[in-house]
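Novice: please work out how this folds:
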Amino acid sequence: MQLLAFNFGFKDAIDILLVAVILYYTYRLLRKTGASNLFWGILAFVLVWFLVSFVFQLELTGALFDRIISVGAIALIVIFQEEIRMFFYRVGSRFSSWKLFRPRADKEDPRARQQILEITQACRHMASTKTGALIVLAGGGSLKEIVDTGERLDAQVSARLIENIFFKNTPLHDGALVIRDGKMVAAACILPVSKNQDIPRQYGLRHRAALGLTEKSDATCIVVSEENGHISVAEGGNIREVKEDELFLVLHSSATATA
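Specialist: Okay, the predicted model is just below:
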């Protein structure tokens with residue numbers, strides 16, 4: 001049996017690097033949806049197909065694998081259409097947020113600073129009383145499908161109003177408050193819950209909902225835990241706890257990055 005002889009060059013190194021990057025981001029995408037085992041299964045199948053078709057050149061077996069690959073690719077697109085849509089949405093959101101395509105702002109918007117102060121103040125008060133809260137700061141997307149699940153507000157950002165919305169047993173305290181374009185547009189909104197199996201168990205439903213939305217959009221989510229009063233910020237499918245005096249700086253940095 002004669003194996004293929006490879007002449008490895010610079011172009012081949014670039015080719016391998018690109019494939020490695022594609023596989024890495026594919027794994028990250030599937031891991032966040034709880035389907036990392038499926039990734040390893042697909043990768044093993046592709047490696048066997050490569051050995052059969054290109055290394056050992058088994059024509060009959062290779063033809064069978066080629067048919068399975070062509071049908072399987074269509075099946076994967078159908079099964080993971082939501083994840084694929086999410087991937088391209090996030091890529092488009094990051095591309096549109098590049099400052100190269102945005103007019104440069106010479107001065108900070110005082111209204112945006114005041115809105116961040118109002119949000120920070122409300123979160124501090126709710127953390128001190130262990131009042132659970134979930135606040136969504138929309139990025140470049142409109143989040144229309146999320147806003148439509150809640151009650152319309154169209155109100156100015158106010159610390160007292162935020163605290164009143166999340167006060168226990170009020171009609172709007174369940175769900176998320178969405179803030180977009182400097183206004184509180186809707187409350188009691190339903191967010192998609194993350195399917196990531198690596199989320200620590202101490203995180204509750206609000207944290208999983210915050211992760212679920214930030215996995216699918218460029219929004220920033222603030223979570224106040226009713227268990228311990230800790231404040232967490234979720235961005236880009238990642239979540240971390242922040243101290244009360246850090247919250248303003250984190251939100252200000254996030255707003256500056258998307259402005």
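
Novice: which residue ranges of the stretch 1-150 of the chain form helices?
Specialist: 10-32, 36-50, 59-79, 81-96, 110-128, 144-147 (DSSP state H, counting those that start in this stretch).

Novice: should've said the stretch 151-259 of the chain
Specialist: 159-165, 205-216, 244-258.

Novice: so which of those gets nearest Leu58?
Specialist: Closest to Leu58 of the helices of the stretch 151-259 of the chain is helix 205-216 (CB to CB; 40.7 Å). The C-beta positions use only the backbone N, C-alpha and C, and glycine is treated the same way.

Novice: who are the neighbours in contact with the nearest residue to Val223 once chain neighbours are set aside?
Specialist: Distance criterion CB to CB, 6 or more residues apart in numbering; nearest residue to Val223, sequence neighbours excluded, is Ser232 at 4.5 Å. By CB atoms under 8 Å, 6 or more residues apart in numbering, the contact list for Ser232 reads Tyr203, His207, Ala210, Ile222, Val223, Ser225, Ile239, Arg240, Glu241, Val242.

Novice: extract the CA atoms of stretch 119-131 and return them as CSV.
Specialist: The C-alpha trace of stretch 119-131 is given here as CSV (Å, rounded to 0.1, in the frame of the first residue of the first chain):
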residue,chain,number,x,y,z
ILE,A,119,-28.6,51.9,37.5
THR,A,120,-25.6,51.5,39.9
GLN,A,121,-27.5,53.2,42.7
ALA,A,122,-30.5,50.9,42.2
CYS,A,123,-28.3,47.8,42.2
ARG,A,124,-26.5,48.8,45.4
HIS,A,125,-29.8,49.3,47.2
MET,A,126,-31.3,46.0,45.9
ALA,A,127,-28.1,44.2,46.9
SER,A,128,-28.2,45.6,50.4
THR,A,129,-31.8,44.3,50.8
LYS,A,130,-31.2,41.1,48.8
THR,A,131,-33.8,42.0,46.2
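
Novice: report how many residues lie close to Asp66.
Specialist: A count of neighbours around Asp66, defined by other CB atoms under 10 Å, yields 13.

Novice: can you give the contact residues for stretch 201-217?
Specialist: Here stretch 201-217 makes contact (CB under 8 Å, 6+ apart) with 32, 86, 89-90, 93, 132-134, 136, 138-139, 141, 143, 146, 176, 191-196, 199, 219-223, 225, 227, 232, 234-239.

Novice: now a PyMOL select for only the buried ones of the residues you listed.
Specialist: Selecting only the buried entries of the contacts of stretch 201-217 in PyMOL, with 16 or more other CB atoms under 10 Å as the criterion:
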select buried, resi 32+86+90+93+132+133+134+136+138+139+141+143+146+176+191+192+193+194+196+199+219+220+221+222+223+225+232+234+235+237+239
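
Novice: among the contacts of stretch 201-217, which are located in strands?
Specialist: 133-134, 136, 176, 220-223, 232, 234-235, 238-239 (DSSP state E).

Novice: picking that back up, figure out which of the helices of the stretch 1-150 of the chain is closest to Gln156.
Specialist: helix 110-128 (8.5 Å).

Novice: hmm, back to that, farthest-apart pair in the ones in strands among the contacts of stretch 201-217, please.
Specialist: Ala133 and Asn238 (19.5 Å).

Novice: per-residue pLDDT, the closest residue to His125 other than its chain neighbours?
Specialist: Excluding the flanking residues, the one nearest His125 by CB to CB, 6+ apart is Glu163, at 5.7 Å. You'll see Glu163 listed with a pLDDT of 95.
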